[in-house]
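Student: Got a sequence here, can you build the structure:
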Amino acid sequence: MPKNKAGGRRRKETPPRIVLVGDDSCGSVLGKQAKPVQRKSDWAKLPKLVKTLLCVLRKAGGQGISAPQTGSRLSVVVIETRKTVSRRNVAPSRPIVMVNPVITDRSGKMVMGEEGCLSVIDPDGTHVLRGKVERHQWIKVTYLDLKRRQHHNRTFRGFKARVVQHEIDHLAGKLFLDRVDWRHNAAKQLRMVKLKKKTK
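Tutor: Alright, predicted model coming up:
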């Protein structure tokens, strides 16, 4: 094992992981309101945090992730949805990093669709729980970029709007399970899907 300049052994970094529902090791961060990024010390943490979020998101094969899902209380989300290049090829779109995102407007029309969450899986970690959730068809969001240079005002529609709403819910301490329509048979509303994990 290589040594550091002081002659001691380098401390092996703990690989980033996703905080799961019921995991109390992070102080139930999933159920708490995220803190806005304001202090200089908070901004200094963002490059490493965003790198961690992208690493975890890509390894899990997800399309969106929030800081609380990696144990951070900061108000940050990363969106990286897939886009179809051809009939056989699907490539990720350019990542969108949102700092302190706020939904400022939304459509009156609601759309039902299926969602899953990287933090809601079965005990053996092989299946993710999915359910049907009603979301706004389009939303307008204001947020800061990673370098804090300017505010962005952006409209998201369709599937990407669903992903953004899902992740912003995490910042408010909410899970998609809180929005599932439980008036119907739960067995029809929820289903288990094999979790696709990317391995090197």
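
Student: Now do the buried residues in the helix or strand containing residue 98.
Tutor: For residue 98, the host element (DSSP states H and E) is strand 96-106. Buried residues in strand 96-106, defined by neighbour count with 16 or more other Cβ atoms under 10 Å: 96, 97, 98, 99, 100, 101, 103, 106. Placement of C-beta: from N, CA and C, glycine included.

Student: Could you double-check that the first one sits in contact with residue 78?
Tutor: Yes. Counting by Cβ atoms under 8 Å, residue 96 sits close enough to residue 78 to count as a contact (7.1 Å).

Student: returning to that earlier point: the strand holding residue 98 pairs with which strands, parallel or anti?
Tutor: In the sheet, strand 96-106 lines up against strand 76-79 (antiparallel), strand 138-144 (antiparallel) (DSSP bridges).

Student: what's downstream of it, the next helix or strand?
Tutor: Toward the C-terminus from strand 96-106 - assigned by DSSP H and E - lies strand 110-121.

Student: Neighbouring strands of that next one in the sheet, and parallel or not?
Tutor: Applying DSSP bridges, strand 110-121 is found paired with strand 127-136 (antiparallel).

Student: thinking again about what came up before, out of the strands paired with strand 96-106, flag the one nearest residue 60.
Tutor: Residue 60 lies closest to strand 76-79 among these, at 12.2 Å (Cβ to Cβ).

Student: Give me the mean pLDDT for that closest one.
Tutor: For strand 76-79, mean pLDDT rounds to 97.

Student: what do you get for stretch 157-165?
Tutor: Across stretch 157-165, pLDDT averages out at 97.

Student: How about it, which residues are buried there?
Tutor: Across stretch 157-165, burial judged by 16+ other Cβ under 10 Å covers 160, 161, 162, 163, 164, 165.

Student: Likewise for stretch 127-135?
Tutor: Using 16+ other Cβ under 10 Å as the test for burial, stretch 127-135 gives 128, 129, 130, 131, 132, 133, 135.

Student: hang on, the earlier thing: how about the buried residues of strand 96-106, which pair is most distant?
Tutor: 97 and 106 (21.6 Å).

Student: Which helix or strand contains residue 17?
Tutor: Applying DSSP H and E as the criterion places residue 17 outside every helix and strand.

Student: Was I right to think it contacts residue 70?
Tutor: Yes. With contact defined as Cβ under 8 Å, residue 17 counts as touching residue 70 (7.5 Å).

Student: Looking at those two, which one has more neighbours?
Tutor: Counted by other Cβ atoms under 10 Å, residue 17 and residue 70 do not tie: residue 70 has more neighbours, with 21 against 15.

Student: wait, isn't that one in contact with residue 29?
Tutor: No. Between residue 70 and residue 29 there is no contact under Cβ under 8 Å: 9.1 Å.

Student: Could you double-check that residue 121 lies in contact with residue 62?
Tutor: No. Counting by Cβ under 8 Å, residue 121 stays clear of residue 62, with 11.5 Å between them.

Student: how far is the strand holding residue 98 from where the chain is centred?
Tutor: With Cα atoms, centre = their mean, to the nearest Å as the basis, strand 96-106 stands 13 Å off its chain's centre.

Student: Good, wrapping up.
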